[in-house]
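Peer 1: Provide a 3D model corresponding to the input given below.
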Amino acid sequence: MRTLIFTLALVLTLGLSAAQAASVKTHLPGDLTLEEAQDILKAALSKAKEVAVPMNIAVVDAGGNLKIFAREDGAFLGSIDIAQKKARTARYFNMPTAELGAAAQPGKELFGIEVTNNGLAIFGGGELLVRGGVVVGAIGVSGGSVAEDTTVAKAGAAALRQSSKKSSF
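Peer 2: Numbering: from 1, shown residues only. Down below sits the predicted model:
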């Protein structure tokens, strides 16, 4: 009898939990979507092809969590981590990584910041992703020169701005 009562209680508890879970929203309204991340990545990859440098490209959501990543054939293995850190750094501080890097030079106010947060990347190649005036994520690119990384990251960020403009009409 005890076993039957315990089993029924367990089934009811699990049933309620499943029903509650079904009604909980797991994607925040306004968060970066996978489709947007794919469009951003596609635009960045297109620009990387144009500059003829194999790149690592990371896109993070508003929380700084990896949403999508690509490593082109021949891209540096060491740049995988750098691309992800550039994206997270831009999002953590809501500014392009080049701007943070300028404030982190010796003698500047933020000198040494790159050793915080389990390591930051404070040189160009990290850009914010903004939709409707709201930061929804960031892109980080690594594999070329700082100028090449920045060019590719800006192309990815521009893809989100372009799609936002189209959808607002």
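
Peer 1: What segments of the protein are helices?
Peer 2: 2-23, 34-51, 78-93, 97-103, 146-167 (DSSP state H).

Peer 1: what does the second one rub up against?
Peer 2: The reference is to helix 34-51. Under the contact criterion Cβ atoms under 8 Å, 6 or more residues apart in numbering, helix 34-51 has outside partners 54-55, 57, 59, 61, 67-68, 70, 72, 129, 131, 136-137, 139, 141, 143-144, 148, 151-153, 155-160, 163. C-betas here are computed from N, CA, C, even on glycine.

Peer 1: Drop anything exposed from those residues.
Peer 2: Buried by 16 or more other Cβ atoms under 10 Å: 55, 57, 59, 61, 67-68, 70, 129, 131, 136-137, 139, 141, 143-144, 148, 151-153, 155-157, 159-160, 163, out of those.

Peer 1: which residues does the residue most central in space within the chain contact?
Peer 2: Central residue of the chain (Cα atoms, centre = their mean): Val60, 1.1 Å from the mean position. With contact taken as Cβ under 8 Å, 6+ apart, Val60 is in contact with 66-67, 84, 87-88, 91, 137-140.

Peer 1: can you put these in JSON lines and add distance to Glu114 and pLDDT?
Peer 2: Shown next, in JSON lines, are the contacts of Val60 (distance: Cβ to Cβ, whole Å; pLDDT from 0 to 100):
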{"residue": "Leu66", "distance to Glu114": "20", "pLDDT": "98"}
{"residue": "Lys67", "distance to Glu114": "23", "pLDDT": "98"}
{"residue": "Gln84", "distance to Glu114": "14", "pLDDT": "98"}
{"residue": "Ala87", "distance to Glu114": "15", "pLDDT": "98"}
{"residue": "Arg88", "distance to Glu114": "12", "pLDDT": "98"}
{"residue": "Arg91", "distance to Glu114": "15", "pLDDT": "98"}
{"residue": "Gly137", "distance to Glu114": "21", "pLDDT": "97"}
{"residue": "Ala138", "distance to Glu114": "16", "pLDDT": "98"}
{"residue": "Ile139", "distance to Glu114": "19", "pLDDT": "98"}
{"residue": "Gly140", "distance to Glu114": "14", "pLDDT": "98"}
